[in-house]
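[1] Okay, sequence plus prediction incoming.
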There are 2 protein chains.
Amino acid sequence: MSLLTSVDARTSHVDDFRVLLDDALHDFLRARQDLAPELAAELRGLILAGGKRIRPTFAWWGWRAARGSTRADAVVRAMVALEMLQCCALVHDDVMDRSATRRGKPSVHESFAARHRHRRWTGSARQYGDSAAILVGDLALAWADDALVTAGLPAEALSRAWGPWQAMRTEMIMGQHLDLLAVARREESLEHAVRVAALKTAAYTVERPLHLGAALAGADDDVLDCLRAYGHDIGIAFQLRDDLIGVFGDSSVTGKPVGEDLREGKRTPLMSIALSRAQDRPSAQRVLRRCLETGAVSDRTVDEVRSLLVELGAVAAVEEHIDQLSGSGLAALDRAVIDDEARHELVRLANRAVARTT
Amino acid sequence: MSLLTSVDARTSHVDDFRVLLDDALHDFLRARQDLAPELAAELRGLILAGGKRIRPTFAWWGWRAARGSTRADAVVRAMVALEMLQCCALVHDDVMDRSATRRGKPSVHESFAARHRHRRWTGSARQYGDSAAILVGDLALAWADDALVTAGLPAEALSRAWGPWQAMRTEMIMGQHLDLLAVARREESLEHAVRVAALKTAAYTVERPLHLGAALAGADDDVLDCLRAYGHDIGIAFQLRDDLIGVFGDSSVTGKPVGEDLREGKRTPLMSIALSRAQDRPSAQRVLRRCLETGAVSDRTVDEVRSLLVELGAVAAVEEHIDQLSGSGLAALDRAVIDDEARHELVRLANRAVARTT
């Protein structure tokens, strides 16, 4: 029997949301496994390989915060939509970035290309892999909507959720496009870097999931405003922390290469701040720009750029910004008239998001 | 003022569905033009460049057939979803097939790649073009769902439509994947070719749109069964006609290169039948197989393959099959207890679909 059926519909008291969500994810995929077996198997593999389930978690606590109290099972099933949407983003992102791995395993396009090579099929293995991965992402996106619409939510709840859901999908896609443009146009401005962070993480990862969850519960405008303000600030702080980890993270903890973001030449607010502070230091500017344009090619360059980021005060500036955002985000939460357990959990999630090391 | 507002909600009498649909498409895109301006502009360009609007048209007449009589304006807006879904299919298909043109203009990925080159941006123009096109397709797919859900349909109608809508999206994606596999695995069997045709055209283009339209109107099971049987048969006949046009079509009428499908080595039922009939003619087999594997490379090869298709009786067999399907499809329609005007129109659409030259 599915665990989900044991969620008591009269109460929102759920001890371990993650277990319930994973159960709902499995149910959802199992019911569809015969529809598009090869493509669905890749989705299942990606989901089983891990992931923090951040978006469903924020959506769940948004619902709890707004005192959502009925149909907890349907709400958990609706949260599957957020994880499916994220699968679409990851699979297509890996094709766009030509990333060979994801969650410690071959990325979806690599996995299909390897199958093509292994079976000695006709044509280009890379083209086949990319094409099949595009379809897997499309399937995840279509199924994301199916998950939300067929979750068993009351019609009014679904209708309230559609606004944030609509916005979340479009903002995610726009954020990806701005990311592409940043690389193509060699964007260096802090403004652009913050705009990407606002769309890709603040909105897509924290603010909109909270908004969606609270909308499902029928939250009033005051609660929505407070939760969204919290989500916006904590979301950006989360991304800024991510950027610091991408540069200074301990690879034995993160499981990623040392200084990965530098090697990829990622255009982050951290780098923008460093560049603007290096205005009268031509040699420092050169090192930073080369890092953005070609990626740091050696351990020595990684060390050099790291030192510069500290020396120029960019790291301190980002840390300060994280503190401010964390403060304003928690203050917004403080003003919200919401459920106590949810408030407690949202404080914990915020602290974890801004202070983590992985 | 939008034309759509003048659709009389008390009657389903609409003289020119195409005009209303185009109006709804424009309204939909106009309302979203500021959300993701660059990506949305490509979608608008693709839609304005033409297209037969086959899927919305079948869906509309499915609704009319089942005597849908209220909220005609909402139904027209819901049909926008089918055209947006088709945009996703076309844009992603062009990336997968590496097609340079679509509807007589550069394909979306080519258009983005050209912009990248023109503005002398950094990195690979091809990679940028492909990536941006993946995002445009994603946007079209997300917006397809938005169009259906926000059309203003009554909740029960939307809920009835979700089954066929869900199936249509998954079947479209599966059909594309089977198409990829056919090329990679050098599939030659008639069975595989017919299965692709059944998913890609019969289901996605005719049967499911009719199903969706009739479901919106609340059709009973008998009507749904008859309309779906009609849609299945006419859909396959439509695809078989398409295959004949792709090989023998007059390029001054179709606007496409002479023998385009042969040049692309497309694996159609027509080719499968020819191959199975060439079993004791090794030289004919060689010509056909080479055509499938490398595509016909010269006008002479196109002529040669065309002659073989006639000589081996494959063309006659396909024509006969079209006749049979057209007969059985119209017989199913005949059994349906539906609106007279819609019946008349569905007969006309069927005849046009199977007897057209472009």
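    Everything's here; your move.
[2] What is the neighbour count of the nearest residue to A:Arg32 once chain neighbours are set aside?
    Spatially, and ignoring its direct neighbours in sequence, A:Arg32 is nearest to A:Ala40 (5.9 Å; C-beta to C-beta, 6 or more residues apart in numbering or on different chains). All C-beta spots, glycine's among them, are computed from the backbone N, C-alpha and C. For A:Ala40, the count of nearby residues is 21 (other C-beta atoms under 10 Å in any protein chain shown).
[3] List the buried residues of the helix or strand A:Ala40 falls within.
    Assigned by DSSP states H and E, A:Ala40 belongs to helix A:37-48. By 16 or more other C-beta atoms under 10 Å in any protein chain shown, the buried positions in helix A:37-48 come out as A:39-40, A:42-44, A:46-47.
[4] Next: stretch A:182-192.
    Buried residues in stretch A:182-192 (16+ other C-beta under 10 Å): A:182-184, A:187-188, A:190, A:192.
[5] Point out where the stretch 201-350 of chain A drops to low pLDDT.
    Of all residues in the stretch 201-350 of chain A, none has pLDDT under 70.
[6] how about the helices in it?
    Using DSSP state H, counting those that start in this stretch, the helices assigned to the stretch 201-350 of chain A run over residues A:208-216, A:221-248, A:251-254, A:260-263, A:269-277, A:282-294, A:299-311, A:314-335, A:340-355.
[7] At the contact with chain B, which residues of the stretch 151-300 of chain A appear?
    A:155, A:159, A:162, A:166, A:169-170, A:173-174, A:176-177, A:180, A:183-186, A:293 (C-beta under 8 Å from any C-beta of the partner chain).
[8] May I see the PyMOL selection of the buried members of these?
    Provided next is the PyMOL selection string for whichever of these are buried by 16+ other C-beta under 10 Å:
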select buried, chain A and resi 162+166+169+170+173+174+176+177+180+183+184
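[9] Out of the residues of the stretch 151-300 of chain A next to chain B, which sit inside helices?
    Among these, the members found in helices (DSSP state H) are A:155, A:159, A:162, A:166, A:169-170, A:173-174, A:176-177, A:180, A:183-184, A:293.
[10] Turn those residues into TSV, including distance to B:Arg18.
    Listed next are those as TSV, based on distance: C-beta to C-beta, whole Å:
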residue	distance to B:Arg18
A:Ala155	32
A:Ser159	30
A:Trp162	28
A:Gln166	27
A:Arg169	29
A:Thr170	28
A:Ile173	29
A:Met174	31
A:Gln176	34
A:His177	32
A:Leu180	36
A:Val183	42
A:Ala184	38
A:Glu293	50
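[11] from those, which is closest to B:Arg286?
    A:Leu180 (45.6 Å; C-beta to C-beta).
[12] element containing the closest residue to that closest one other than its chain neighbours?
    Distances taken as C-beta to C-beta, 6+ apart place B:Ser131 nearest to A:Leu180, at 5.4 Å, with adjacent residues excluded. In the assignment (DSSP H and E), B:Ser131 maps to helix B:125-149.
[13] by contact count, what packs against that helix?
    helix A:72-97, helix A:125-149, helix A:155-184, helix B:17-32, helix B:37-48, helix B:72-97, helix B:108-118, helix B:155-184 (3 or more C-beta pairs under 8 Å, 6 or more residues apart in numbering or on different chains; DSSP states H and E).
[14] Figure out which of these is closest to B:Ala142.
    By C-beta to C-beta (comparing all of those), the closest turns out to be helix A:155-184, at 4.1 Å.
[15] what does the average pLDDT come to for the closest one?
    Averaging pLDDT along helix A:155-184 yields 94.
[16] Could you report the distance from the nearest residue to A:Ala133 once chain neighbours are set aside to chain B?
    Residue nearest to A:Ala133 in three dimensions, not counting chain neighbours: A:His109, with 3.6 Å by C-beta to C-beta, 6+ apart. Applying C-beta to the nearest C-beta, to the nearest Å, the value for A:His109 to chain B is 11 Å.
[17] Wait, A:His109 touches A:Met96, no?
    No - with contact defined as C-beta atoms under 8 Å, A:His109 does not count as touching A:Met96 (10.0 Å).
[18] Compare the two and say which one has the larger neighbour count.
    Neighbour count, other C-beta under 10 Å: between A:His109 and A:Met96, A:His109 has more, with 29 against 20.
[19] who's in contact with the more buried one?
    The contact partners of A:His109, taken as C-beta atoms under 8 Å, 6 or more residues apart in numbering or on different chains, are A:91, A:94-95, A:129-130, A:132-133.
[20] picking up where we left off before, which of the buried residues of helix A:37-48 lies closest to chain B?
    Chain B lies nearest to A:Leu39 out of these, by C-beta to the nearest C-beta, at 6.0 Å.
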